[in-house]
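In: I would like the atomic coordinates for the input below:
(one chain, ligands or ions: 1)
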Amino acid sequence: MSRTVTSVLVDLAAYLRDLGDTRIMDLFENDADRFGTFSRRHDDILMDFSKTKLTAPGMKLLVELAEASGLEKRRAAMFSGEHINLTEDRAVLHVALRNRSDRPVMVDGEDVMPEVRAVLDRVCVFADEVRDGSIAGSGGKPFTDVVNIGIGGSDLGPAMAAAALTPYREGGPNVHFVSNIDGAHIADTLQGLDPATTLFLVASKTFTTLETMTNARTARAFIADALGEDAVSAHFAAISTNLAATADFGIPRDRIFGFWDWVGGRYSVWSAVGLSLAIAIGSKNFLAFLDGAYRMDEHFRTAPIDENLPVLLALIGIWHRNVCGYATSAIIPYDQRLDKFVSHLQQVDMESNGKRVTIESTPVGLPTGPVIWGAPGTNSQHAFFQLLHQGTDIIPVDFLLAAEPHENLGDHHAKLMANCLAQSEALMRGRDEATVREKMAASGADQTTIDKIAPHKTFPGNRPSITFLYRTLDPATLGALIALYEHRIFVQGVVWNVNSFDQWGVELGKELAASLLDVVEGRTGADGHDGSTAGLVGYLRGMQKV
Ligand code: F6P
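Out: Numbers count the residues shown, from 1 in each chain. Modelled structure (predicted):
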């Protein structure tokens, strides 16, 4: 008889009870090859999940959970272009953007690959011509600076990847990212830029987003005021699914790069939205980035559940969220260049799975997407690791670490690696009060001090983590890591039975902001808004210079 998600979750809860006060450390004592049994590889990416409480029966139940969720069918539906984004009646095919094979990808009876390849070719040519100066400003000078204007998925993906791949940027212009509607963002970015050598890329799936259109108009004035209205076309390009609106903005047809409604904004770095990244690192590296993601897609599509990194990552996430009850999950790259990785994954994960209604339009009945947070180590060790080690909540952590740095700088990397490994070991091992007391006594502390201080120095330990190791943070590895998390999110959405591909939850705030603009600018009163909002508007207006 086939199982249901609910019945497997019940078994998993019983399994957790049976584990009782088993400590992760004990599991290593009972199994000399626990590391080998509970780690997997894809290409040179190693995923070690031996520092979790899971044992073989738990893993077996998680595989049953995936089977019960109908994962294989839903995954096949995504790859074959079915309209799995039910609420928007769209296919979900970011995988087509990095399909590096000859396989056709059909949407509504049509192979989308010829168009995908045509846009990708244009992106590559444009990127390389901006880099070598054959595409230049209106006065003929090569571009020294490229400013991507976009927000959410039209910003976070390329901004994150361009920072991550800094060592591959040699020879290209400086690439900047402006997203916030706060004028400070564009003002600070334009500070010191020469209009004659600055190219703006306006990236917006809809080409209606308030922040992006406001920033784009300011950028347009920056060029027109300095170089004249005629210079605008040479200093702008646009990336959008809304080709009519891009043309209305005055961007010439050959500077418009399209994509399709089956690419979600947060999954669009692989499309022409990646143009800023392609300019930053050149087409060869951009294609390697796509290749890495493609290889992860193939692994996700074909590897058995028990060998499949994204599926296992998702299932362990479900174990922590729905069985152990952990409400948040931290991602800590020991890689300074992955500084924006967590922000990007916050959008991909929390906008995808921050849902409370199933695809059948009924309440979910299970906690869905956890809060995703984190920051690079070692900096985060000196900020919030106190709470990870001794706080009252247990927070599972994903650690990411490269074997090889790009810099040859003495022992920096050895120290970085030692710190990363130390943190996962400390989270698991902890330090019990008896050991603390012994150590304090050995260092000469008196009994009163020991009684008072020992509880504060005790670490509960037994806190789970997963570690990803890879050779170096090159374009292909970054592509694979992003695709890994994208597929994790897909699998979790399947288990929770939600639509991971819409984002209606951002709409209400946008509507209210539109009506409040009239209020803050004094065109209408605050009628219809609550007393707090009206009071806040009054206070702001009272403090503004007239
Ligand atoms: O408001 C949320 C959102 O729609 C995201 O999903 C998207 O990435 C972002 O806004 C930007 O949208 P656009 O690319 O259409 O400007």
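In: average pLDDT for the longest helix seen in the chain?
Out: The longest helix of the chain (DSSP state H) is helix 275-302. Model confidence over helix 275-302, given as mean pLDDT, is 98.
In: and for stretch 27-47?
Out: Taken as a whole, stretch 27-47 has an average pLDDT of 97.
In: in that stretch, what counts as buried?
Out: Going by neighbour count (16 or more other CB atoms under 10 Å), the buried part of stretch 27-47 is Leu27, Phe28, Arg34, Phe38, Arg40, His42, Ile45, Leu46, Met47. Glycine gets a C-beta too; all of them are placed from N, C-alpha and C.
In: quick check, nearest of these to Lys457?
Out: Distance to Lys457 across these (CB to CB) is lowest for Phe28, with 24.0 Å.
In: now find how far off-centre the one helix or strand Arg122 maps to is within its chain.
Out: Using DSSP states H and E, Arg122 maps to helix 113-132. Distance of helix 113-132 from its chain centroid, counting by CA atoms, centre = their mean, to the nearest Å, is 24 Å.
In: next SSE after it?
Out: strand 145-149.
In: that's a strand at Ser329, yeah?
Out: Yes - the assignment for Ser329 is a strand, going by DSSP: H, G, I helix; E, B strand; the rest coil.
In: what distance do you get for the closest residue to it other than its chain neighbours to Arg321?
Out: In space, and not counting its chain neighbours, Ser329 is closest to Pro370: 4.7 Å by CB to CB, 6 or more residues apart in numbering. Distance of Pro370 to Arg321, computed by CB to CB, to the nearest Å: 5 Å.
In: common neighbours of those two, please.
Out: Common neighbours of Pro370 and Arg321 (criterion: CB atoms under 8 Å, 6 or more residues apart in numbering): Ala327, Ser329.
In: how about the residues of the chain near the ligand?
Out: Applying CB under 6 Å from any ligand atom, one finds that the chain approaches the ligand through 151-154, 204-206, 209, 212, 265-266, 351, 503, 506.
In: right, and the helix or strand after the helix or strand encompassing Met213?
Out: Taking DSSP H and E as the definition, Met213 sits inside helix 210-227. Note on helix 210-227: by DSSP H and E, the next helix or strand toward the C-terminus is strand 236-240.
In: list the buried residues of the very next helix or strand once past that next one.
Out: Next helix or strand after strand 236-240 toward the C-terminus (DSSP H and E): helix 243-248. Applying a neighbour-count criterion of 16+ other CB under 10 Å, one finds Ala245, Thr246 buried in helix 243-248.
In: what does stretch 233-240 give?
Out: By neighbour count on 16+ other CB under 10 Å, the buried set for stretch 233-240 is Ala234, His235, Phe236, Ala237, Ala238, Ile239, Ser240.
In: out of the residues of the chain next to the ligand, which end up buried?
Out: Ile151, Gly152, Gly153, Ser154, Ser204, Lys205, Thr209, Thr212, Gly265, Arg266, Glu351, Gln503.
In: can you pull the pLDDT of the third one?
Out: When you say that, I think you mean Gly153. Predicted confidence (pLDDT) for Gly153: 97.
In: nearest the geometric middle of the chain, what residue?
Out: By CA atoms, centre = their mean, the mean C-alpha position of the chain lies nearest to Leu345, the distance being 1.7 Å.
In: thought Thr524 was touching Ala514?
Out: No - at 11.8 Å, Thr524 does not count as touching Ala514 under the criterion of CB atoms under 8 Å.
In: these two - which one has more neighbours?
Out: Using other CB atoms under 10 Å, the more surrounded residue of Thr524 and Ala514 is Thr524, with 13 against 10.
In: now for that one: which residues touch it?
Out: Taking CB under 8 Å, 6+ apart, we find Thr524 in contact with Asp518.
In: and the buried residues of stretch 27-47 as JSON lines, adding distance to Gln191 and secondary structure?
Out: As requested, the buried residues of stretch 27-47 are exported to JSON lines (distance: CB to CB, whole Å; DSSP: H, G, I helix; E, B strand; the rest coil):
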{"residue": "Leu27", "distance to Gln191": "55", "secondary structure": "helix"}
{"residue": "Phe28", "distance to Gln191": "54", "secondary structure": "helix"}
{"residue": "Arg34", "distance to Gln191": "54", "secondary structure": "helix"}
{"residue": "Phe38", "distance to Gln191": "51", "secondary structure": "coil"}
{"residue": "Arg40", "distance to Gln191": "47", "secondary structure": "strand"}
{"residue": "His42", "distance to Gln191": "43", "secondary structure": "strand"}
{"residue": "Ile45", "distance to Gln191": "40", "secondary structure": "strand"}
{"residue": "Leu46", "distance to Gln191": "43", "secondary structure": "strand"}
{"residue": "Met47", "distance to Gln191": "43", "secondary structure": "strand"}
